[in-house]
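# Okay, here's the prediction I keep looking at, along with the sequence it came from:
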Amino acid sequence: MPDIHDGQLCERLPNATITGPQTLLFAASTGIIVTNLFAPQTLVGLIGPSLGGGAASVGLVAMVTLLGYAAGLFFLVPMADLAENRALILRMLVMAALAAGVAAFAPTIASLLIVLFVLGAACSAIQILVPIAASMAPPGEAGRVIGDVMSGLMIGILLARPLASLIADAWGWRAFYGLSATALVLLGCVLAFTLPDRRPEAKSSYGALLASLFGLLRDEPVLCRRALTAALAMAAFSLFWTAAALRLAEPPFSLGQRGIALFALVGAGGAVVTPLFGRAGDHGWTRSATIACHLVLIGAMALAAWAGSFLSGVSWQPLVLMGASAVLLDIGVTGDQTLGRRAVNLLRPEARGRLNGLFVGIFFIGGAIGSLLAGVAWTWGGWTCVCGIGGAFGLVALLVDWIGGPE
């Protein structure tokens, strides 16, 4: 039977209340899968010379997996409202493992781009796992469960770049995809025996489900508002991390590939607070916590600009400041996404797959825009321009908070 809490109708799986080990499994699963989406950003410098690709084609490597993921969110995730979820997830993991395995042996840039697009689309299984976890949450604790699962997702995002860099430095970029394929196969085997069945009640056709996406955007202002602020926060996140490698390679930091990889580990500390934001939502503090996240994001960009203004002197001082800005940025972004995902998952239980697909698809579009702007901003005005644009994204998010009012 459905449960009523937080003023919303929340679907729960019959006789399935999530346990601590199950929550950990969901978090680990999303973390493992999501590494495939962000690893290419740190591997492009090795993939290009290896496959003889030009600058333009190599740049696509960092984008195509995210584009495939967005396609999966809009065209595969909605099937979670139509097909049995456990079987759908397992099929998508098989597709992801095959694509990663083929990527490890791709002979040309063109072939690699194709399989990375497929890999990205299959990784959208993440957005079917999260709603299952939410539907298993005890009454009034959906925010806590989503926050715990999201911590695994964000740790995966933040560790993807350093992990890929370290693996590629030791064994080459193809080894990353070989290891990823192996991890996805093992994960599929574990989930095959642990995931509960989830059979949606929707009886409409696949075409009707896709057509309903526009209706959901029109009829759910909370979805639009939360997806917009998430897109703005993700744009700032991608902008920072895409340009950070360029700034850290220059004085006074002068970090090499391994140094930049280790720096990226610092940001993972921001994911520790993710469950706290989920609990804040459960206590009715969604709006105030969201505003705090956006203020932290703006402060992080200001601190990063200050750290990047050092051109000489003792390198550890600006490095500490830059590390602190990375942690603060990740706290702001993960908090916004956790609160937004909680709000979206409480809207319509019968449309949970489509709602998650729209929410995440929109904020990944923001991430893609941030990545594209990073190169332009760096060329135009350097690190200061990068941080200024990132801060502007935070200011626009605050404006959305003010206009939107309480939820």
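Happy to help now that I have it. Residues are numbered from 1 along each chain as shown.
# alpha carbons only for contacts and neighbour counts from here, please
OK.
# Now do the same contact list for the residue nearest to Gly388 when sequence neighbours are not counted.
In space, Gly388 comes closest to Met301 once its chain neighbours are excluded; the distance is 7.3 Å by CA to CA, 6 or more residues apart in numbering. The contact partners of Met301, taken as CA atoms under 8 Å, 6 or more residues apart in numbering, are Ser325, Leu329, Cys387, Gly388, Gly390, Gly391.
# Distance from the strand or helix carrying Leu297 to the middle of the chain?
Counting by DSSP states H and E, the element that carries Leu297 is helix 286-308. Centroid separation for helix 286-308 versus its chain: 18 Å, with CA atoms, centre = their mean, to the nearest Å.
# Low-confidence bits of the stretch 1-150 of the chain, can you list those?
For the stretch 1-150 of the chain, the stretches flagged by pLDDT under 70 are 1-16, 45, 53-59.
# mind listing the strands for the stretch 251-400 of the chain?
With DSSP state E, counting those that start in this stretch as the definition, the stretch 251-400 of the chain shows no strands.
# can you give me the helices in it?
For the stretch 251-400 of the chain, the helices defined by DSSP state H, counting those that start in this stretch cover 257-267, 274-282, 286-308, 316-345, 352-404.
# I'd like to know which elements the shortest one is packed against.
In this case it means helix 274-282. Under the contact criterion of 3 or more CA pairs under 8 Å, 6 or more residues apart in numbering; DSSP states H and E, helix 274-282 touches helix 142-171, helix 286-308, helix 316-345.
# Look up how far Leu25 lies from Thr19.
Between Thr19 and Leu25 the computed distance is 10 Å (CA to CA, to the nearest Å).
# cool, and Ala231?
In terms of CA to CA, Ala231 sits 27 Å off from Leu25.
# more crowded one of the two?
A count of neighbours by other CA atoms under 10 Å puts Ala231 above the other of Ala231 and Leu25, at 29 against 19.
# That one against Ile369, yeah?
No - contact criterion CA atoms under 8 Å: Ala231 and Ile369 do not qualify, at 9.1 Å.
# Name the residues that touch the strand or helix carrying Ile128?
Using DSSP H and E, Ile128 maps to helix 126-135. For helix 126-135, contacts defined as CA under 8 Å, 6+ apart pick out 10-13, 18, 23, 26, 29-30, 33-34, 73, 77, 80, 85, 89, 142, 145-146, 149, 198, 345, 352-353, 356-357, 360.
# From the contact counts, what lies against the strand or helix carrying Leu119?
Assigned by DSSP H and E, Leu119 belongs to helix 109-122. In this structure, helix 109-122 makes packing contacts with helix 20-38, helix 55-75, helix 85-103, judged by 3+ CA pairs under 8 Å, 6+ apart.
# Not counting the longest one itself, show me its contacts.
It stands for helix 55-75. Outside helix 55-75, the residues touching it (CA under 8 Å, 6+ apart) are 36-38, 40-41, 44, 47-48, 109, 113, 116-124, 127, 210, 354, 357-358, 360-361, 364-365, 368.
# Ok, stretch 238-258 next?
41, 162, 165-166, 169, 260, 308, 310-316, 318-319, 367-368, 370-375, 378, 383, 386-387, 390.
# Any quick ChimeraX command for the buried ones out of the residues you listed?
ChimeraX command restricting the contacts of stretch 238-258 to the buried ones, with burial defined by 16 or more other CA atoms under 10 Å:
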select :41,162,165,166,260,308,310,318,319,367,368,370,371,372,373,374,375,378,383,386,387,390
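# for the residue nearest to Gly308 when sequence neighbours are not counted, what are its contacts?
Once flanking residues are discounted, Gly308 sits nearest to Trp383: 6.6 Å by CA to CA, 6+ apart. When contacts are counted by CA under 8 Å, 6+ apart, Trp383 is found next to Ala243, Arg247, Ala305, Gly308, Ala377.
# so which of those residues is the most crowded?
Going by other CA under 10 Å, Gly308 tops those with 24 neighbours.
# And it, what's its pLDDT?
Note on Gly308: pLDDT of 92.
# so what's it up against?
Arg247, Pro318, Met322, Trp383, Thr384.
# hey, C-alpha coordinates of stretch 334-351 in CSV?
Extracted C-alpha coordinates of stretch 334-351, given in CSV (Å, rounded to 0.1, in the frame of the first residue of the first chain):
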residue,chain,number,x,y,z
THR,A,334,25.9,17.7,-3.8
GLY,A,335,23.6,19.4,-1.3
ASP,A,336,21.6,21.0,-4.1
GLN,A,337,21.3,17.8,-6.0
THR,A,338,20.3,15.7,-2.9
LEU,A,339,17.6,18.1,-1.8
GLY,A,340,16.3,18.4,-5.4
ARG,A,341,16.2,14.7,-5.9
ARG,A,342,14.3,14.2,-2.7
ALA,A,343,11.7,16.8,-3.7
VAL,A,344,11.3,15.3,-7.2
ASN,A,345,10.9,11.7,-5.8
LEU,A,346,8.0,12.9,-3.6
LEU,A,347,6.0,14.3,-6.5
ARG,A,348,4.3,11.4,-8.4
PRO,A,349,5.1,7.8,-7.5
GLU,A,350,3.6,6.5,-10.8
ALA,A,351,6.0,8.7,-12.8
